[in-house]
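Chemist: Predicted model, plus sequence, below.
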Amino acid sequence: MKPPRKLHIKSYGCQMNVYDAQRMVDTLAGEGFVETASADDADLVILNTCHIREKASEKVYSELGRLRAAKGEAARNGRQMSIAVAGCVAQAEGEEIIRRAPVVDVVVGPQSYHHLPQLLARANSVGRAIETEFPLQDKFGFLPPPRPDAIRARGISSFVTVQEGCDKFCTFCVVPYTRGAEVSRPVAKIIDDVMRLADNGVREITLIGQNVNAYHGEGPDGQSWPLGKLLHRLAEIPGIVRLRYSTSHPRDVDDSLLEAHRDVPALMPRPFSCSTARYCIFIGFYCWLPRRDRGRFFRHPRACHANRIRWRLFVQIFAAARHACGGLQGDGVSARHGQAIGAAPGIDRQPAVGLQHGCDWQHRRCTVRARRAQSGPDRRPHRLSSAHACDGLA
């Protein structure tokens, strides 16, 4: 009997990459791979990459430099090591990865990792394998379900993907180009996944997606279900005691989601708990918000009275949770700059809401902003003071 081959996966970035790494392990288990904590003794090393910030991309090439030495050492010991780059850097850069790091054998985008067994076989026969196209088929229909022992080994908390991609096309963002258009999984498939996890000891589920509250999957009744309705249904599954979701967009906070926070005891955060709810907001001058295509989502306060009412309801739901934590945590403070930030225009300042994790925008390849820059000089400021803007607050 052949001994199992060893697999090491290193993930960068978001919760989606953590989930994808687990599904890669499940996919390759059928090929005789088992996980190992060390890359040095692995037969296959996968870097599951993030492209949202430039520094995250460059970390991949630094790691590939270290893996080149490990691969050479394995060859001297008579052992073959394969290296694959997966995730959003793979999707965005494709063959550029092979040019900069010839040590790589497989490059696969985040929508194609269910083809990893075939890509590894192709790399062994012809030397390289690259797949970065967005396939027509839904990858979730081809991914094997995780084994019961694998579910139990991962603990009582688990991620479940309900939605992928984004249709917003904000000028600074790479997500539509690396994860594709918004796609929501059918409700029945999600329920099957959650029930399988609950049957094997999982008690906390985090629903994930690049724009998770834009979820609009087909329900058992043939109608499109919003995220709030899905959360109500998942809370009825025996064994599930906590539900969370990430990552959210303020535009897609609808009434059904707010009602779910009010009415579903399992949905975190709850009043009088110390949990937090995180939403990405964008603060800045009216003159350049539209230039980043954020004008579609954040309008002048005189034009968004209904959204202000909804925001106040949102704040009321979470206010008790923040006050119960014994103080006002991070109220109006930028974690990057350590200076006070003014409230967003048209939104009442509420002590229960804090602003955290501020960062400046970057020039990123394969974005709308990059294409516009090629046609003329960019008059927008490269760096924005904390008093006026925080890109990507989460």
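Modeler: Looks like it came in fine.
Chemist: From residue 25, how far out is residue 182?
Modeler: 27 Å (Cβ to Cβ, to the nearest Å). Where you see a C-beta, it was placed from the backbone N, CA and C, and this is true even at glycine.
Chemist: can you count the residues close to residue 76?
Modeler: By the criterion of other Cβ atoms under 10 Å, residue 76 has 8 neighbours.
Chemist: now swap in residue 253 and tell me
Modeler: By other Cβ under 10 Å, the residues close to residue 253 number 21.
Chemist: which regions of the stretch 1-150 of the chain sit below the pLDDT cut-off?
Modeler: Flagging of the stretch 1-150 of the chain using pLDDT under 70 yields the residue ranges 1, 136-137.
Chemist: can we see that at 50?
Modeler: For the stretch 1-150 of the chain, applying pLDDT under 50 flags no range at all.
Chemist: likewise the stretch 151-300 of the chain?
Modeler: If you take pLDDT under 50 as the line, the stretch 151-300 of the chain has these spans: 271-276, 282-288, 295, 297-300.
Chemist: go with 90
Modeler: Counting by pLDDT under 90, the stretch 151-300 of the chain shows low-confidence ranges at 165-182, 210-211, 246-255, 257-259, 261-262, 268-300.
Chemist: Which stretches in it count as strands?
Modeler: Assigned by DSSP state E, counting those that start in this stretch, the strands in the stretch 151-300 of the chain fall at 157-161, 163-164, 183-184, 204-208, 217-218, 224-225, 242-246.
Chemist: mind listing what's buried in the helix ranked longest in the chain?
Modeler: If you go by DSSP state H, the chain has its longest helix at helix 54-76. Neighbour-count burial for helix 54-76 flags 56-57, 59-60, 63-64, 67, 70-71, 74 (criterion: 16 or more other Cβ atoms under 10 Å).
Chemist: Out of those, which is nearest to residue 114?
Modeler: residue 60 (21.5 Å; Cβ to Cβ).
Chemist: Contacts only, for the closest one.
Modeler: Counting by Cβ atoms under 8 Å, 6 or more residues apart in numbering, residue 60 touches 12, 47, 49, 85, 89.
Chemist: Residue 19 now?
Modeler: 159-161, 208.
Chemist: hmm, try it at 6 Å
Modeler: 159, 161 (Cβ atoms under 6 Å, 6 or more residues apart in numbering).
Chemist: next helix or strand past the strand or helix carrying it?
Modeler: If you go by DSSP states H and E, residue 19 is part of helix 15-29. Once the chain leaves helix 15-29, the next helix or strand it forms, by DSSP H and E, is strand 33-35.
Chemist: How about residues contacting whichever helix or strand comes after that next one?
Modeler: Downstream of strand 33-35, the first helix or strand assigned by DSSP H and E is strand 44-49. The contact list for strand 44-49 (Cβ under 6 Å, 6+ apart) reads 7-12, 17, 21, 39, 60, 63, 67, 82-89.
Chemist: PyMOL command to pick out the buried ones of those residues?
Modeler: Applying 16+ other Cβ under 10 Å to those, the buried members can be selected in PyMOL as follows:
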select buried, resi 7+8+9+10+11+12+17+21+39+60+63+67+82+83+84+85+86+87+88+89
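Chemist: From residue 144, how far out is residue 22?
Modeler: Counting by Cβ to Cβ, the gap from residue 22 to residue 144 is 12 Å.
Chemist: Who has more neighbours out of the two?
Modeler: Relative neighbour count places residue 22 above the other of residue 22 and residue 144, with 19 against 12, counting by other Cβ under 10 Å.
Chemist: how near is the more buried one to residue 69?
Modeler: Here the criterion is Cβ to Cβ. By it, residue 22 lies 28 Å from residue 69.
Chemist: before we move on, the earlier item: please work out the angle formed by the directions of the longest helix of the chain and strand 44-49.
Modeler: Interaxial angle of helix 54-76 relative to strand 44-49 (axes from the mean of the first three to the mean of the last three Cα atoms, to 10 degrees): 170 degrees.
Chemist: Would you tell me what the next helix or strand after helix 54-76 is?
Modeler: Heading C-terminal from helix 54-76 (DSSP H and E), you reach strand 82-87.
Chemist: got a list of contacts for that next one?
Modeler: With Cβ under 6 Å, 6+ apart, strand 82-87 has contacts from 17, 44-49, 67, 97, 103-108, 110, 113.
Chemist: Give me the sheet partners of it and which way each runs.
Modeler: Strand 82-87 pairs in its sheet with strand 44-49 (parallel), strand 106-108 (parallel), by DSSP bridges.
Chemist: Which one of those lies nearest to residue 235?
Modeler: strand 44-49 (30.5 Å).
Chemist: Buried ones in the closest one, by neighbour count?
Modeler: 44-49.
Chemist: Among those residues, pick out the one closest to residue 191, please.
Modeler: residue 48 (26.8 Å).
Chemist: What sits closest to the closest one if chain neighbours are left out?
Modeler: Residue nearest to residue 48 in three dimensions, not counting chain neighbours: residue 11, with 4.2 Å by Cβ to Cβ, 6 or more residues apart in numbering.
Chemist: now residue 106
Modeler: Nearest non-adjacent residue to residue 106, counting by Cβ to Cβ, 6+ apart: residue 84, 3.8 Å away.
Chemist: Kindly report the same for residue 38.
Modeler: Excluding the flanking residues, the one nearest residue 38 by Cβ to Cβ, 6+ apart is residue 8, at 6.6 Å.
Chemist: In terms of residue numbering, what are the domains of the protein?
Modeler: Residue ranges of the domains in the chain are recorded as 5-131, 145-268, 275-394, according to automatic domain parsing.
Chemist: any chance you could map the helices in the chain?
Modeler: 15-29, 54-76, 88-93, 95-100, 116-126, 148-153, 175-178, 187-199, 227-234, 255-263, 305-323, 368-374.
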